[in-house]
Structures are given as structure tokens and as C-alpha cells.
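Novice: structure for the following, please:
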Amino acid sequence: MVQKIILVDDQKIFRQSLTATLHTAGEVQIIAEASNGEDFLALLENH
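Specialist: Below is the predicted model:
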């Protein structure tokens with residue numbers, strides 16, 4: 001089963017690195033990214 005994840009971190013390079021690392025795991029799908037909690041909450045309303 002694929003795990004769906006929304007990444008939240010203020011550092012774009014960290015989000016990119018983590019996305020690449022998780023992508024190699026295979027069973028993870030990054031469905032969205034946010035740079036702060038407010039953006040994350042807005043994303044939750046859409047997913």
C-alpha cells in the first residue's frame with residue numbers, strides 16, 4: 001500500500017532532498033509540499 005505524504009518544512013532544499021530520498025523507498029507518494037503550517041492547513045482542505 002502506498003503511503004501518501006504532505007511534506008512541511010520551511011527549507012526548500014530539505015524538502016527536495018527528503019522527496020528524493022523517499023522516492024527511492026518506493027511505497028511513498030508525495031502528494032503536496034508546504035513551507036509553513038498555514039500553507040499545510042490550506043492543503044489539508046484540498047486533499
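
Novice: CA only for contacts and neighbour counts going forward, please
Specialist: Will do.

Novice: got the contact list for stretch 39-47?
Specialist: 6, 8, 32-34 (Cα atoms under 8 Å, 6 or more residues apart in numbering).

Novice: please redo it, this time with the cut-off set to 7 Å
Specialist: 8, 34 (Cα atoms under 7 Å, 6 or more residues apart in numbering).

Novice: which residues belonging to it are considered buried?
Specialist: residue 40 (16 or more other Cα atoms under 10 Å).

Novice: would you mind writing the CA trace of it as PDB?
Specialist: Output of stretch 39-47 as PDB, limited to C-alpha atoms (Å, rounded to 0.1, in the frame of the first residue of the first chain):
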ATOM      1  CA  ASP A  39       0.000  26.500   3.900                       C
ATOM      2  CA  PHE A  40      -0.200  23.000   5.200                       C
ATOM      3  CA  LEU A  41      -3.600  23.600   6.700                       C
ATOM      4  CA  ALA A  42      -4.800  25.100   3.400                       C
ATOM      5  CA  LEU A  43      -3.500  21.900   1.600                       C
ATOM      6  CA  LEU A  44      -5.500  19.700   4.000                       C
ATOM      7  CA  GLU A  45      -8.700  21.300   2.900                       C
ATOM      8  CA  ASN A  46      -7.900  20.400  -0.700                       C
ATOM      9  CA  HIS A  47      -6.800  16.800  -0.100                       C
END
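
Novice: for it, what is the distance to the chain centroid?
Specialist: Taking Cα atoms, centre = their mean, to the nearest Å, one finds stretch 39-47 lying 12 Å from the centre of the chain it belongs to.

Novice: for residue 21, grab the count of nearby residues.
Specialist: Neighbour count of residue 21, defined by other Cα atoms under 10 Å: 11.
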